[in-house]
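Novice: Got a predicted structure plus its sequence, pasted below:
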Amino acid sequence: MFTVVAYHKETRDGSVAMYEFETLDELLYHIRGFDFVDKYGRQQNKFLDSTICSENDAFKTGSEYYYSNGEIYSRPISYLYGYLTYDSDGRVIDFRNRKDELYSFDYKAYSNMRYAARRDSIQAKYNARDAMWEKKNRLYEGEKYWRYYRRIRTTQERRYAADAEHKPHVRCRRNTTNLPDNWDELLFRREKSWKARDKKACRQWGVSIPKHFGTVKASVEAGENEWEDDGT
């Protein structure tokens, strides 16, 4: 474990910024990110130029210029500046004395490895997302009369919106950035189709008509639920 204290950087709560690195390669990769070439073509490193050996070296003094009553004045100020590096035992590390180790580090190979790891993690996340949506949009066998939300089919419209010939005629609401996709759909849920209702549920709101309508009439004397022939 390595810790880098940046005295000239502050966090939101006003404290000094601190960065932690698990391995030496991560720390070397971070330091090599400060490499630059000056106007004379010499290789320089801003981290090494700002490295300090103790906390007392972080206190710097300088001059601040300000304008008042048409005149320019200067006043002394003090500020914190510098990088201080500690190892896991709390000892200070000065990489200005370890430049051979620093510049023998293969920065490009380590960068490619980090990029490959990040790419694989993102691909794994997308694969898990696609698998989830495949599961949610698939009709399971044995579940009759159940329906699931389908995929939003906007591929053809996206092609027209991206085509240079049709693009001037596409309104802003239907361009490639505003077209919806599967992730803009409502959350997955299962719904029963109207076919899943039983016979009673299909007919409970219908109007009951007598089988021999016009040939029979209701007899009040016989009762509400009884019918008698009128002789026709």
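Specialist: Arrived safely. Residues are numbered from 1 along each chain as shown.
Novice: tell me the contacts of residue 93?
Specialist: Listed by Cβ atoms under 8 Å, 6 or more residues apart in numbering, the contact set of residue 93 reads 2, 85, 86, 87. Any C-beta I mention is one placed from the backbone N, CA and C, and that applies to glycine too.
Novice: Tell me where this structure has helices.
Specialist: With DSSP state H, the ranges of helices along the chain come out as 24-32, 46-49, 99-103, 107-136, 155-162, 199-203.
Novice: among these, which is the most enclosed?
Specialist: The highest mean neighbour count among those belongs to helix 24-32 (a mean of 18), with neighbours defined as mean count of other Cβ atoms under 10 Å.
Novice: who's in contact with that one?
Specialist: Judged by Cβ under 8 Å, 6+ apart, the contacts made with helix 24-32 from elsewhere in the structure are 2, 4, 19, 21, 45, 47-48, 85, 95, 101-102, 105, 107, 110-111, 114.
Novice: rewinding a little: just send the helices of the chain back as CSV, with mean pLDDT and distance to residue 174 too.
Specialist: Putting the helices of the chain into CSV (pLDDT from 0 to 100; distance: least, Cβ to Cβ, whole Å) gives the following:
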stretch, mean pLDDT, distance to residue 174
helix 24-32, 89, 45
helix 46-49, 88, 48
helix 99-103, 87, 54
helix 107-136, 82, 23
helix 155-162, 88, 6
helix 199-203, 62, 40
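Novice: Residue 75 is nearest to which of the ones you listed?
Specialist: Proximity to residue 75, assessed across those by Cβ to Cβ, is greatest for helix 46-49 (26.3 Å).
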